[in-house]
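> What follows is a protein structure lacking sequence information:
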């Protein structure tokens, strides 16, 4: 960053900064119903646009 001033944006490639796969598996394991559907956690509903994954 020689000669550059100001803040820059950080980024990751393909979500490598977070354990995305593990997060999805944890949600599936904890919210799956007996009929195979998955209840979307309330905090994620605004982003998912649904209450249930069929």
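Yep, it's here. All values derive from a computational prediction rather than experimental measurement.
> How far off centre is the lowest-mean-pLDDT helix or strand in the chain?
Ranked by mean pLDDT, DSSP states H and E, the weakest helix or strand in the chain is helix 20-31, scoring a mean of 92. On the basis of Cα atoms, centre = their mean, to the nearest Å, helix 20-31 sits 9 Å off its chain's mean C-alpha point.
> after that helix comes which helix or strand?
Counting by DSSP states H and E, the next helix or strand C-terminal to helix 20-31 is strand 38-39.
> Check which helices and strands that next one sits against.
Strand 38-39 sits against helix 20-31, strand 52-53, with contacts defined as 3 or more Cβ pairs under 8 Å, 6 or more residues apart in numbering; DSSP states H and E. Every residue, glycine included, has its C-beta placed from N, CA and C.
> For residue 6, which of those is the nearest?
With Cβ to Cβ as the criterion, residue 6 lies closest to helix 20-31 of the helices and strands packed on strand 38-39, at 29.7 Å.
> Mind giving me the packing neighbours of that closest one?
Short answer (3+ Cβ pairs under 8 Å, 6+ apart): helix 20-31 packs on strand 38-39.
> What's the first helix or strand after the strand it packs on?
Past strand 38-39, the next helix or strand by DSSP H and E is helix 45-48.
> about what we covered before: out of the helices and strands packed on strand 38-39, which gets nearest to residue 13?
That would be helix 20-31 among the helices and strands packed on strand 38-39, by Cβ to Cβ, at 12.0 Å.
> And that closest one, what's buried?
Within helix 20-31, the residues that qualify as buried by neighbour count (16 or more other Cβ atoms under 10 Å) are residue 27.
> Stretch 35-45 too?
residue 40.
> Any stretches of the chain with poor pLDDT?
1, 15 (pLDDT under 70).
> Centre-most residue in it?
Nearest to the mean C-alpha position of the chain, by Cα atoms, centre = their mean, lies residue 20 at 5.8 Å.
> gap between that one and residue 27?
In this view, residue 20 and residue 27 are 11 Å apart by Cβ to Cβ, to the nearest Å.
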